[in-house]
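In: A predicted structure for the sequence below; I have some questions about it.
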Amino acid sequence: MTVLFIRIFFLVMSTVVGYTVGTLFQEYSLPWHLIGAGIGFALAGFIIILEVTMRNVSVRNLSAAVFGMMFGLFMGWLITSAIKLIPMDQRLFSALQLSLILIFCYLGMVIAIRGKDEFNLIIPYVKFARQDQKEDIIILDTSVIIDGRIADICQTKFIGGRFIIPKFVLKELQQVADSEDALKRNRGRRGLDILRKIQKNTSIDIKIQDENFPEIKEVDTKLVKLAQVLGAKIFTNDYNLNKIAEIQGIEVLNINELANSLKPVFLPGEVMEVRITKEGKEYNQGVAYLDDGTMVVVDNARHIIGKVAKVMVTSVLQTSAGRMIFGKLEKGDSSKE
């Protein structure tokens, strides 16, 4: 509504100005005051139409183009000032000066637009700080938000710095929350609840990043690009995103790796007490789980499924999916319900 009011005001004022300018030529036979009003109205209408067609032009692109044009003008002025020292015809110099300024303005605008990401996105994060101190910027992806453990980690205050949530991540999270699939819908809504929980944590500095990178379609690629521009880390539990980011030299905080590193360490020969819950893949094996989800495979324990038994650790296997413990029933074990 405000923009519409401004357009109408501009249209009326342009018509009035055109009418006023037209009255300056009243000594001529034509009704110049009406002609002036018509020209003012037409020009204002053309400018409004041009403004409407340019609504998709981003401020980021426009600011980069203006900066490039100013740089091109400066470079053109420097070079033409040096050329002016060479004796030549004034008309030739004027043509050469105009050509060089035009060329450098074009090159400056094109180069600035191509590097618009580095030019525009760094500015909001500039602040006065000591050179030996660097604030960590951490970008959260959709998977780690839906996972939910990030909220508990924030409450422990083990992670500091500034959390960045891109708008395209919020959009993807909203799409998951609006999914027709009940499971996806619940995951998306849980992710939104986790975000609200993080925002209420006063010890966390969290910001929403507007940059969308419309030329890039994939969300993972956008995350990597944003991390490169801001010099940030990516907090995720997505295996593929983890590998892509590491290949491009971006530091990744993987919540699954953190969880694995916090699991208790068991050495061969140690004894633990677990409940055998199901049958294993191999003959006569039983399977149990620790409180953190670690799988324990026990030999010759099929007959005590549903019972608690003492198990001696024989080996530990670390895989990309997590840690697996292999063991056997302790000699003289007396299983119990």
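Out: Okay, I see it. Numbering: from 1, shown residues only.

In: Where does the prediction get shaky in this protein?
Out: Low-confidence segments of the chain (pLDDT under 70): 1, 26-30, 55-60, 115-135, 319-322, 332-337.

In: Outline the domain layout of it.
Out: Split into domains by automatic domain parsing, the chain comes to 2-114, 130-260, 271-329.

In: can you list these in a markdown table and add mean neighbour count?
Out: All C-beta spots, glycine's among them, are computed from the backbone N, C-alpha and C. Shown next, in a markdown table, are these (neighbours: other Cβ atoms under 10 Å):
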| stretch | mean neighbour count |
| --- | --- |
| domain 2-114 | 14 |
| domain 130-260 | 16 |
| domain 271-329 | 16 |
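
In: Check for me that Gln97 belongs to a helix.
Out: Yes. Gln97: assigned to a helix according to DSSP: H, G, I helix; E, B strand; the rest coil.

In: State the phi and psi torsions of Ser315.
Out: Phi and psi for Ser315, reported as degrees, to the nearest 10, are phi -160, psi 160.

In: Would you mind naming the residues that bridge with the nearest residue to it once chain neighbours are set aside?
Out: Take Ser315 and drop its neighbours on the chain: the residue closest to it by Cβ to Cβ, 6 or more residues apart in numbering is Phe326, 4.7 Å away. Legend: beta-bridge partners of Phe326 under DSSP bridges are Val297, Ser315.

In: any idea which helix or strand carries the closest residue to Thr20 other than its chain neighbours?
Out: Nearest residue to Thr20 in three dimensions, chain neighbours excluded: Gly36, at 7.4 Å (Cβ to Cβ, 6+ apart). Applying DSSP states H and E as the criterion places Gly36 in helix 32-53.

In: And that helix, what does it pack against?
Out: helix 2-22 (3 or more Cβ pairs under 8 Å, 6 or more residues apart in numbering; DSSP states H and E).

In: Need the residues that contact the helix it packs on.
Out: By Cβ atoms under 8 Å, 6 or more residues apart in numbering, the list of residues contacting helix 2-22 from outside reads 31-41, 43-45, 47-48, 51.

In: quick check, distance from it to the centre of its chain.
Out: Relative to its chain's centre, helix 2-22 lies at 42 Å (Cα atoms, centre = their mean, to the nearest Å).

In: Give me the distance between the two termini of stretch 237-257.
Out: 8 Å (Cα to Cα, to the nearest Å).

In: Residue numbering should commence at 57 henceforth.
Out: Will do, 57 is the new start, and the previous item becomes stretch 293-313.

In: What lies in contact with it?
Out: Contacts for stretch 293-313 (Cβ under 8 Å, 6+ apart): 194, 197, 199-200, 203, 205-206, 209, 215, 276, 279-280, 283-284, 288-292, 376, 378.

In: Could you pull up phi and psi at Ile194?
Out: Dihedral angles (degrees, to the nearest 10) for Ile194: phi -120, psi 120.

In: Verify the stated contact: it with Phe291.
Out: Yes. Using Cβ atoms under 8 Å, Ile194 is in contact with Phe291, at 5.2 Å.

In: shared neighbours, those two?
Out: Common neighbours of Ile194 and Phe291 (Cβ under 8 Å, 6+ apart) are Phe219, Leu309.

In: Identify the bridge partners of the spatially most central residue of the chain.
Out: Per Cα atoms, centre = their mean, the C-alpha nearest to the average position across the chain is that of Pro222, at 3.9 Å. Using DSSP bridges, the bridge partners assigned to Pro222 are Gln265.

In: So it sits against Lys278, correct?
Out: Yes. Contact criterion Cβ under 8 Å: Pro222 and Lys278 qualify, at 6.9 Å.

In: any shared contact partners between those two?
Out: Shared contacts of Pro222 and Lys278, counting by Cβ under 8 Å, 6+ apart, come down to Asn268.

In: what's the residue nearest to Arg218 when sequence neighbours are not counted in contact with, if anything?
Out: Distances taken as Cβ to Cβ, 6+ apart place Asp261 nearest to Arg218, at 4.7 Å, with adjacent residues excluded. Contact analysis of Asp261 by Cβ under 8 Å, 6+ apart lists Gly217, Arg218, Phe219.

In: So which of those residues sit within strands?
Out: Arg218, Phe219 (DSSP state E).

In: Reformat the contacts of Asp261 as a markdown table; add distance to Tyr339.
Out: Shown next, in a markdown table, are these (distance: Cβ to Cβ, whole Å):
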| residue | distance to Tyr339 |
| --- | --- |
| Gly217 | 51 |
| Arg218 | 54 |
| Phe219 | 50 |
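
In: of the contacts of Asp261, closest to Gln153?
Out: Nearest to Gln153 among these, counting by Cβ to Cβ, is Arg218 at 47.6 Å.

In: Dig out what that closest one forms beta bridges with.
Out: Ile193, Asp261.

In: Am I right that it is in contact with Ile194?
Out: Yes. Arg218 lies in contact with Ile194 (Cβ under 8 Å); the separation is 7.0 Å.

In: Return the distance of Val330 relative to Leu346.
Out: 7 Å (Cβ to Cβ, to the nearest Å).

In: what's the overlap in contacts for the two?
Out: Val352.

In: before we move on, the earlier item: so what's the residue nearest to the centre of the chain up against?
Out: The contact partners of Pro222, taken as Cβ under 8 Å, 6+ apart, are Ile195, Ile264, Gln265, Glu267, Asn268, Lys278, Leu279, Leu282.
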